[in-house]
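Colleague: Any chance you could fold what I've pasted below:
(2 chains)
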Amino acid sequence: MKIVFMGTPDFAVPILDKLVKEHVILAVYTRAPKVSGRGNRINKTPVHLWAEAHQIPVHTPKSLKSEEEQAIMRSYQADLGIVAAYGLLLPQAVLDMYPKGCINVHASLLPRWRGAAPIQRAIEAGDKQSGISIMQMALELDAGDVLAQEATPINKNTTGGDLHDTLADIGANLLCHTLANLDTITPIKQDESLVTYAEKLDKTECLIDFKMAAEKLVAKIRAFNPYPAMYFMYKGERFKVYEAEVCDMSDTPGKIIDGKKRLVITTGDNAINITKIQREGKQPMLINDLLRGFQFDNGTLI
RNA sequence: CGCGGGAUAGAGCAGCCCGGUAGCUCGUCAGGCUCAUAACCUGAAGGUCGUUGGUUCAAAUCCUUCUCCCGCAA
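Modeller: Presented below is the predicted three-dimensional model:
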């Protein structure tokens, strides 16, 4: 099939890799390059770079609402639009533009976790599984009829990064499988009573609140590993926490109980034993490595 | 030119401000002790102190070039 692809982050790249082998990608739409990163350089999105490497035309409109942009998109005369974490809303005119409509790859088992950060929110909430939903897009966000789903388990060690990679992979395969069988699939409406929303990740929620329950905190740390990463401040320095486990011990929340041979800090109900950490200016490392040359003062309240 | 931290033994760090034979914790290897151990004791190996040039009697340390890594902000 002839396809116009719309996507932005890393998540979309494995999907493109797979898609390009089985279909014709006429054009790629992605977010415009913007000033970002160290040195404030102008950086192109991962999808943008992929498209350039494959010599496929790239468009980076700020919006698809204008007639002009829609006319450009229409000129490709594609059969189908594919969307994977694009970041722009598609107007009805765009959805109607393609004979086969627009199909979206979403990283959750819809109707659970519609929205911006389904991968992290699923882990944070303690879900036992996540998955990919392929859906026929509707105007309302992530509300379209589901064409296919595939689940994957979330276990005690699954990080946000792990799940991201796994789902991108599943998404690529499931999308291609779905496209191959598109004519035989019966779309299924989402059960509106089961809808939940995955709030966008916010920097302000990354500062660890040690009054939280240990178990919830550990889940959030896992969900936010490796990005955006939960952290705490100690003597004016930021420490990102990548891995931690619940630990039986009770005291004033936020107190360093043991900072010499391991790092145990109390929480609202219990305590967490931090096992992987990153200092400013350093790579993430196991706590044992850090403690060979760096020590936390016992009894310090964070 | 957005702000800032860092590169020292296999790992993690100190030393740098106030130049003077490179150190700590751990790991590794050898030996010892022990019923036994991730315990303890003794000993050993292992570093052109990221790169370039300079200052100096002398540079990990002061100045300079470049490379790489990372935190913040957006």
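Colleague: what's the neighbour count on the closest residue to RNA strand B within the stretch 201-302 of chain A?
Modeller: Using Cβ to the nearest atom of the strand, the closest approach of the stretch 201-302 of chain A to RNA strand B is made by A:Gly293 at 2.3 Å. The C-beta positions use only the backbone N, C-alpha and C, and glycine is treated the same way. Per other Cβ atoms under 10 Å, the neighbour tally for A:Gly293 reads 6.
Colleague: swap in A:Thr275?
Modeller: A:Thr275, neighbours per other Cβ under 10 Å, totals 15.
Colleague: and it, helix, strand or coil?
Modeller: strand (DSSP: H, G, I helix; E, B strand; the rest coil).
Colleague: Next to RNA strand B in this structure, residues from chain A, please.
Modeller: The interface of chain A toward RNA strand B, taken as Cβ under 7 Å from any atom of the strand, is made up of A:35-40, A:203, A:229, A:231, A:238, A:240, A:278-283, A:285, A:289-294.
Colleague: Show the residue spans covered by the strands in the stretch 201-302 of chain A.
Modeller: Using DSSP state E, counting those that start in this stretch, the strands of the stretch 201-302 of chain A run over residues A:230-234, A:237-247, A:256-258, A:263-266, A:271-279, A:285-286.
Colleague: got a list of contacts for the last one?
Modeller: The set of residues that contact strand A:285-286 without belonging to it, under Cβ atoms under 8 Å, 6 or more residues apart in numbering, is A:Thr275, A:Lys276, A:Ile277, A:Gln278.
Colleague: is it true that the last one touches A:Phe239?
Modeller: Yes. Taking Cβ atoms under 8 Å as the definition, A:Gln278 is a contact partner of A:Phe239 at 6.9 Å.
Colleague: Looking at those two, which one has more neighbours?
Modeller: A:Phe239 (21 against 18).
Colleague: OK, contacts around the more buried one?
Modeller: A:Phe239 neighbours (Cβ under 8 Å, 6+ apart): A:Tyr231, A:Phe232, A:Met233, A:Ile277, A:Gln278, A:Arg279, A:Glu280.
Colleague: Helices along the stretch 1-150 of chain A, start to end?
Modeller: For the stretch 1-150 of chain A, helices defined by DSSP state H, counting those that start in this stretch occupy the ranges A:13-22, A:46-53, A:67-74, A:92-95, A:118-124.
Colleague: hey, which of those helices is tucked in deepest?
Modeller: Of the helices of the stretch 1-150 of chain A, the one with the most neighbours on average (mean count of other Cβ atoms under 10 Å) is helix A:118-124, at a mean of 25.
Colleague: Mind giving me the packing neighbours of it?
Modeller: Applying 3 or more Cβ pairs under 8 Å, 6 or more residues apart in numbering; DSSP states H and E, one finds that helix A:118-124 contacts strand A:129-136, helix A:160-180, strand A:197-198, helix A:214-223.
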